[in-house]
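Colleague: Here is a sequence with its predicted model. Questions after.
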Amino acid sequence: MGFRAVFLPRGRADAPCGRFAHRVSLIAGAGAGAYRIMRRRDAMKILQIKVKPGARTEALSQLADGSWQASVKAPPVDGKANTALIALVAAHFGLRKSQVSIRSGASGRMKLVQIEE
């Protein structure tokens, strides 16, 4: 996996970097005072989840093939099931909702969900 770079001016390299593992390095030829913050992408995981909206109970379970199945109470209207799925995945893995996002499949039952640890 690669890295994504964020550039900061001089004096900001020691600023708090959030919840990710970071590394600060000088950028060759970028001028005086330029720094690069590297975020490790191996702290992210992608889950394939089949969603069943309108269920009686909310549950998240892993299937034999490695994919996941989620049952959510919310109906598939105006993104309510997607919001409920994000909350369910975050609660299951002990993460904040901001650390969970739907990468693809927002309008279908099969979704790729990205979690950042």
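Modeller: Yep, it's here.

Colleague: Partner strands of the strand ranked longest in the chain and their direction?
Modeller: Ordering each strand of the chain by length in residues (DSSP state E) puts strand 44-52 first. Using DSSP bridges, the strands paired with strand 44-52 are strand 68-71 (parallel), strand 110-116 (antiparallel).

Colleague: May I have the last one as CSV, with CA atoms only?
Modeller: Extracted C-alpha coordinates of strand 110-116, given in CSV (Å, rounded to 0.1, in the frame of the first residue of the first chain):
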residue,chain,number,x,y,z
MET,A,110,-23.7,-5.2,-1.4
LYS,A,111,-21.4,-2.5,0.0
LEU,A,112,-17.7,-2.0,0.4
VAL,A,113,-17.2,-0.4,3.8
GLN,A,114,-13.8,1.2,4.8
ILE,A,115,-12.8,1.3,8.4
GLU,A,116,-9.8,3.3,9.7
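
Colleague: hmm, back to that, quick one: closest of the strands paired with strand 44-52 to residue 82.
Modeller: Comparing the strands paired with strand 44-52 against residue 82 with Cβ to Cβ, the closest turns out to be strand 110-116 (7.9 Å). Using the backbone N, CA and C atoms, a C-beta is placed for each residue, glycine as well.

Colleague: okay if I get the strands paired with strand 44-52 as TSV plus mean pLDDT, distance to residue 44 and mean neighbour count?
Modeller: Below are the strands paired with strand 44-52 laid out as TSV (pLDDT from 0 to 100; distance: least, Cβ to Cβ, whole Å; neighbours: other Cβ atoms under 10 Å):
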stretch	mean pLDDT	distance to residue 44	mean neighbour count
strand 68-71	97	16	18
strand 110-116	95	5	17
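
Colleague: any chance of those in TSV, with distance to residue 51 too?
Modeller: Shown next, in TSV, are these (distance: least, Cβ to Cβ, whole Å):
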stretch	distance to residue 51
strand 68-71	5
strand 110-116	6
